[in-house]
Structure formats: structure tokens, C-alpha cells
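>>> Please work out how this folds:
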Amino acid sequence: MVVRRLFFDESGYTGYNLLDPAQPIFTMASTDTDEQESEAILRGSFPNYQAAEFKFTNIWRRQNSRNGFFEFARFIGDQPERSFVFITEKRFCVLTKIVDFLIEPSFTNSGYNFYSDGFPRKYSNLAYFTFKFQAHPELLNTLLRDYLEFSRNPSIETLGRFQWKMRLLANSCDDERIRSFLNLMANGADLFLKFNDLENFRSSNDLHMSTMMAIVTHWRERTLDDLEIYHDASSAFFREREMWENITNPGVVEQIYTRGDGAEIPFPLNVIETQSVDSETSFAIQYCDVLAGICAKHFGTEEGDESRAFLDELIDAGLGALPINKICPEPVFPDQFPPKPLDGPDVVDQLAAIVRGSQGQIDD
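A predicted model of the protein is given here:
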């Protein structure tokens, strides 16, 4: 079997603080360009760069780097299938977590397939735009801040305080449509202990696992090759190492797992090895650092910012051909409400079954 090496690096990681205003976007870039190809692209794009390691933040600050970024974008445009980036708008991601942990459990418990047809993402879009355009501007900020405050330090005490805040928000809202969202969230907070484990809940704020899963899925759908994963040793990715090893266990039974956004993922994922690498010794990881940095800058820069026009020109120069996936608000809304009836295990139970089967393989 042919082995394909995939390299990963990230930009905008702020740990469990997903509301850091200075870094609103988390990106992870991947590529199958090897070390020699990556070195040629980086040196060809930034021939006057003298530091020991190509770092986006260093290059971006250089006054003479614009032509280099155009050259880098052209390399991307020439071979867009060689790279893939996943982008997360952190504020919206917090809202999707509120939907996942406060609203979904009650619907599933009532017999609805909340994860069918990408319903959670569509519902999160509807909630986001409703809060953004129909509510007081500070309401969404308060909701996200209160949830993150609890989820970063989950305990009986902080849960009680969060439940009180959610019920206060719901009861003090005069707009019926907005109050319907808040009531569902407040009810979910009241029932939190019925469906969730406080002890392990804090890790729900970690973005690495879900992002790596999405990226590997992209490559898995496009190749039958075995995959070797190389990531920056400074990454916090291995905080969830045991879960990753279970999900990527080659002994997992062949099956199709339907993700919450409706995408179908074939298991096993064909990952045969995952290694950490010092980015200073890997041009392929440095390539991913530059790519992730550009994408984070593009999605995190508002209209009117002085660098907005330049970033848009990079899109036209070739960066626009780059395949991406993202967790960002979009005007795509549920086709029906409530969601479809549940006619089998939901996606959470499916993934739990995969992990249990993998653990059995490891034990054997």
C-alpha cells in the first residue's frame, strides 16, 4: 500500500479561551507536499528571508513581503489539491457548542435525529443571525461569555450560577423568537447533569480533535493511501491523544459514519502513524504555518481594515482555489423544524461505538 505523508500546523490557537478578541479565528492547514517541495516553495516565495524558520508572523511584519505572498498564493493556485485548510470562527464555534450541549440532548431524548442533514449547523446559523440582527448587540456577547465561563471551569457551583443566568436571560427577553432560543438553552442548562459528565466537560472547548478529524476526513475521502500524520511538536493536539488513537485505530470495523454536518466518513481512516516534529526542522510544517496564518488573517480581518484589499488580491492570485471547510456563520437554515425522527443510533452513539470497538482492538 502506498503511504502518503500529511503535514499539519495551526494559527490562532488560544487554548480554551475561544473569545480572545485579538485572535478570533483558529485555522489548521495541511499539505502532502514533501520537505523538498515545501522548501522550494518557501524559498521561491521569500528569497530574502533569513531567519532559521519560516514563520507567518515574522514574514507578515516585513515591509517587503507582499510580493512573496503573491508568489506563495500562485504556488497554491497551481496545485490547490495538495493542501487543505479548516477554519473556525471561535465566537460562532462557542454558539455551536451551546447548541450541541444544551439543545441537542433534549431533542434526541425526545426521539428526534438532531444531527440529520447537517441540522445542528443550520440551526446554529439561524440562532446566530437571529441574535445578531434582532437582539440587543450585547445579548449574544453575554450568552457566549456566560457559557464559556462555565465550560472552562465546570463544577456544581459554576453550573448553578450558569443555570441562574440562563433562566434570567430567557425570562427577561420580550421578543418571542429570541426567547424561544433562550428557553431551549435554559432548559438544557437545567438538564445538563442528566446528559453530560462534568468531570470531562472542560475538554469540550478543545478545537484540535474535531479539526484534525475534519482534515483527515478530507484526505481519506480523496485517497486510498495509508496516511502518516506529522504535526508541530509545540501543538497542544496531544491533549486528546488517547481519543485520537482510538479513532485512528486501523483495526476499527469498516463502516460509514455520518458526521453532524451530514458528511459521510469512511472508517477506518487509514492513519497508520501520528508523529510530532520540531517545526524548525520541517519545511513542510513551516509551509503549513504560513498557509494557516494567511487564512487566519483573511477570515479575521474586517472590511475597511488597511490589509483587506491586499488579502483579497491574494485570493485572486491563487489562494481562492484552495479547498477549505469551515465553522463560520452562513445564511443556510433548517429545512424543517423540529428535525426528522430518529430511526437508529445518532452520530454521538455511532462515534462512541467506534471508540469502544477501537478500545477492544487495543485491549486484544
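
>>> use CA for all of it now, contacts and neighbours both
Fine.

>>> Check which residues of stretch 149-168 are buried.
150-152, 154, 159, 162-163, 165-167 (16 or more other C-alpha atoms under 10 Å).

>>> Between which two of those is the distance greatest?
For the buried residues of stretch 149-168, the maximum inter-member distance is 19.9 Å, found between 152 and 167 (C-alpha to C-alpha).

>>> Look up how far residue 210 lies from residue 30.
14 Å (C-alpha to C-alpha, to the nearest Å).

>>> ranges for the strands of the stretch 251-364 of the chain?
Along the stretch 251-364 of the chain, counting by DSSP state E, counting those that start in this stretch, strands occupy 255-258, 264-267, 271-277, 324-327.

>>> Contacts for the third one, please.
With C-alpha atoms under 8 Å, 6 or more residues apart in numbering as the contact definition, strand 271-277 has outside contacts at 226-233, 248-250.

>>> Go again with 6 Å.
226-233, 248 (C-alpha atoms under 6 Å, 6 or more residues apart in numbering).

>>> do stretch 224-233 as well
2-9, 270-279.

>>> re earlier: any idea which of the buried residues of stretch 149-168 is closest to residue 44?
residue 152 (43.4 Å).

>>> And the pLDDT for the closest one?
pLDDT, residue 152: 93.

>>> Repeat that for residue 345.
pLDDT, read off for residue 345, is 59.

>>> cool, residue 208 as well?
87.

>>> From residue 110, how far out is it?
Residue 208 is 31 Å from residue 110, by C-alpha to C-alpha.

>>> The stretch 101-250 of the chain: helices as residue ranges?
With helices called from DSSP state H, counting those that start in this stretch, the stretch 101-250 of the chain shows them at 104-109, 119-134, 137-152, 156-171, 176-190, 192-195, 198-201, 208-220, 241-247.

>>> related to what we said a few turns ago, from the contacts of strand 271-277, which two are the most distant?
Pairwise over those, using C-alpha to C-alpha, the maximum falls at 226 and 233, 21.8 Å.

>>> Give the burial count for residue 241, as a bare number.
13 (other C-alpha atoms under 10 Å).

>>> Against residue 341, how distant is it?
35 Å.

>>> Determine which of the strands of the stretch 251-364 of the chain approaches residue 290 most closely.
strand 324-327 (15.4 Å).

>>> for the closest one, packing partners?
strand 83-89 (3 or more C-alpha pairs under 6 Å, 6 or more residues apart in numbering; DSSP states H and E).

>>> Dump the strand it packs on to PDB, restricted to CA.
Output in PDB follows, covering the C-alpha atoms of strand 83-89 (Å, rounded to 0.1, in the frame of the first residue of the first chain):
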ATOM      1  CA  SER A  83      -3.300  21.500   0.500                       C
ATOM      2  CA  PHE A  84      -6.500  21.800   2.700                       C
ATOM      3  CA  VAL A  85      -7.400  24.200   5.400                       C
ATOM      4  CA  PHE A  86     -10.100  24.100   8.100                       C
ATOM      5  CA  ILE A  87     -11.200  27.500   9.500                       C
ATOM      6  CA  THR A  88     -13.100  28.100  12.700                       C
ATOM      7  CA  GLU A  89     -14.600  31.400  13.800                       C
END
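
>>> in the chain, what spans have low per-residue confidence?
Scanning the chain with the threshold set as pLDDT under 70 gives 1, 237-239, 259-262, 344-364.

>>> thinking again about what came up before, compile the helices of the stretch 101-250 of the chain into CSV and extend it with columns for distance to residue 307.
Output for the helices of the stretch 101-250 of the chain, formatted as CSV (distance: least, C-alpha to C-alpha, whole Å):
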stretch, distance to residue 307
helix 104-109, 40
helix 119-134, 25
helix 137-152, 26
helix 156-171, 38
helix 176-190, 36
helix 192-195, 44
helix 198-201, 38
helix 208-220, 27
helix 241-247, 37
